[in-house]
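In: Need a 3D model of the sequence below.
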Amino acid sequence: MDPQIAERVASILNWTPDAFARVVGGYTPAARYRVEAAAGKSAFVKIATNSETSSALRREAAAYQTVDVSFRPALIGFQDDETHPILVTEDLSGCFIAPPWHARTIESTLCLVERLHASQAALRPYRDIHGDMEAGWTLVQRDPQPFLGLGIASHAWLSRALPELLAAEACCATSGSASCHYDIRSDNLAFPAAGTKLIDWSEACLSNPRLDLGFWLPSLASEGGPVPEALLPDAPEIAAWVSGYFAARAGLPVIPHAPRVRQVQQRQLVTALAWAQRALRLPTL
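Out: Residues are numbered from 1 along each chain as shown. Okay, here's the model as predicted:
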C-alpha cells in the first residue's frame with residue numbers, strides 16, 4: 001500500500017495497522033484490504049482507484065449514513081479525496097459462508113431483505129442512482145446480436161418470445177419507496193453471529209422491493225438454491241425485467257476494468273431466462 005494511503009487509513013482508524021492484507025474479490029478495480037494490529041484489532045478498507053470507483057464509494061458512504069447498522073457492517077470512517085476516497089468498515093472476514101446455501105442462510109437472507117424493505121432510509125430514488133435505464137428486452141429488440149451470440153437461444157425462439165417478454169417487462173416498475181440494496185449476491189452477504197449483513201451499498205436506492213429481491217434469485221438458483229418462483233411466485237414482470245437486464249448485457253464486450261462481470265451476467269442469465277420462460281409459458285429454448 002502507498003505510504004500516504006496507509007497514513008490516511010491510520011488516521012481514520014485512530015490506530016496504526018501492523019499488516020495490510022490485500023483482499024481478492026469484487027468486480028471493480030477498487031483496492032480492498034484487511035488491516036490488522038495488535039490486541040486483535042482489524043478492519044476492512046476499500047480504496048477507489050479511478051473515477052468510476054470514486055463515484056461508487058461516495059454513493060456507498062452516503063448509503064452507510066442513512067441505512068440502519070443492523071443491515072450492514074459498522075462504519076468506522078470515510079475520507080473523501082479527489083482521486084482516492086477511502087471507506088473503512090467493520091471486518092467481516094470469515095463470515096462469507098454461502099455457497100453452499102442451506103435453509104438457514106436462505107431464510108436469514110430473506111428475513112434481512114424483508115426488514116430492509118420495510119425500513120425507513122433517506123436513500124436517493126432509483127432514477128438518481130441508476131439513471132433512465134432502458135429495459136433490457138427493449139435493448140435486445142433494437143440489437144439482438146449480443147444476446148444471440150451467446151448461443152443460449154435461437155433467432156426463431158427470440159422472434160416468438162420477444163413480444164411477451166416486452167409486454168411483461170413493461171409492467172415492471174422501477175420506482176418505489178422501499179429501501180433497496182440492488183446488489184444482493186452471496187459475495188455481498190456475510191453471516192456473523194450477530195445477524196446477517198449486506199456489504200457493497202453503492203447501488204442502494206428507493207425502489208420496487210420485488211425487483212430488488214428478484215435480482216438476487218437467479219444468482220441464488222445458479223448456486224444450488226431454489227428456483228426463483230419458489231421465493232417470489234406470480235412475478236412474470238419481475239422475471240421478464242431481470243432476464244432482460246442480463247440478456248441485454250451478458251453478450252457485450254468484456255469491461256476492461258471489470259473483466260469478470262460478463263461471466264457473472266452470463267451465469268445469471270441462464271437461470272433468469274429459465275425463470276421467465278416458466279413464468280410466461282414461453283416456447284422451449
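
In: Which parts of the stretch 101-250 of the chain are strands?
Out: 178-180, 189-190, 197-198, 205-207 (DSSP state E, counting those that start in this stretch).

In: Now do the last one: everything it contacts.
Out: Read it as strand 205-207. 121, 123-126, 128-130, 174-180, 182 (C-beta atoms under 8 Å, 6 or more residues apart in numbering). C-beta: built from backbone N, CA, C; applies to glycine.

In: what's the answer for the second one, then?
Out: Among residues not part of strand 189-190, those counted as contacts by C-beta under 8 Å, 6+ apart are 73, 92, 95, 96, 98, 105, 109, 196, 197, 198, 199.

In: And the average pLDDT for it is what?
Out: For strand 189-190, the mean per-residue pLDDT is 98.

In: picking that back up, out of the contacts of strand 189-190, which one sits closest to residue 210?
Out: Comparing the contacts of strand 189-190 against residue 210 with C-beta to C-beta places residue 109 closest, at 15.6 Å.

In: Give me the neighbour count for the closest one.
Out: 23 (other C-beta atoms under 10 Å).

In: Residue 135 is nearest to which of the strands of the stretch 101-250 of the chain?
Out: With C-beta to C-beta as the yardstick, what comes closest out of the strands of the stretch 101-250 of the chain is strand 205-207 (14.4 Å).

In: chain center to that closest one, what's the gap?
Out: Offset of strand 205-207 from its chain centre (C-alpha atoms, centre = their mean, to the nearest Å): 13 Å.

In: Which residue ranges of the stretch 51-200 of the chain form helices?
Out: 51-66, 103-118, 126-130, 136-142, 145-148, 155-170 (DSSP state H, counting those that start in this stretch).

In: Can you name the element that comes right after the lowest-mean-pLDDT helix or strand in the chain?
Out: Scoring the helices and strands of the chain by mean pLDDT, DSSP states H and E places strand 19-22 at the bottom, with a mean of 91. Moving toward the C-terminus from strand 19-22, the next helix or strand (DSSP states H and E) is strand 31-36.

In: what pairs with that next one, and is each one parallel or antiparallel?
Out: strand 19-22 (antiparallel), strand 42-47 (antiparallel) (DSSP bridges).

In: Mean neighbour count, the ones you listed: which tops it?
Out: Greatest average neighbour count among those goes to strand 42-47 (a mean of 22), per mean count of other C-beta atoms under 10 Å.

In: average pLDDT for that one?
Out: 97.

In: Check stretch 88-103 too.
Out: 96.

In: What's opposite the closest residue to residue 129 other than its chain neighbours in the beta bridge?
Out: Leaving out its chain neighbours, the residue that sits closest to residue 129 by C-beta to C-beta, 6 or more residues apart in numbering is residue 205, at 4.2 Å. Bridge pairing for residue 205 (DSSP bridges) gives the partners residue 180.

In: how many neighbours does residue 205 have?
Out: 25.

In: how near is it to residue 63?
Out: 9 Å (C-beta to C-beta, to the nearest Å).

In: Identify the contacts common to these two.
Out: The contact sets of residue 205 and residue 63 overlap at residue 123 (C-beta under 8 Å, 6+ apart).
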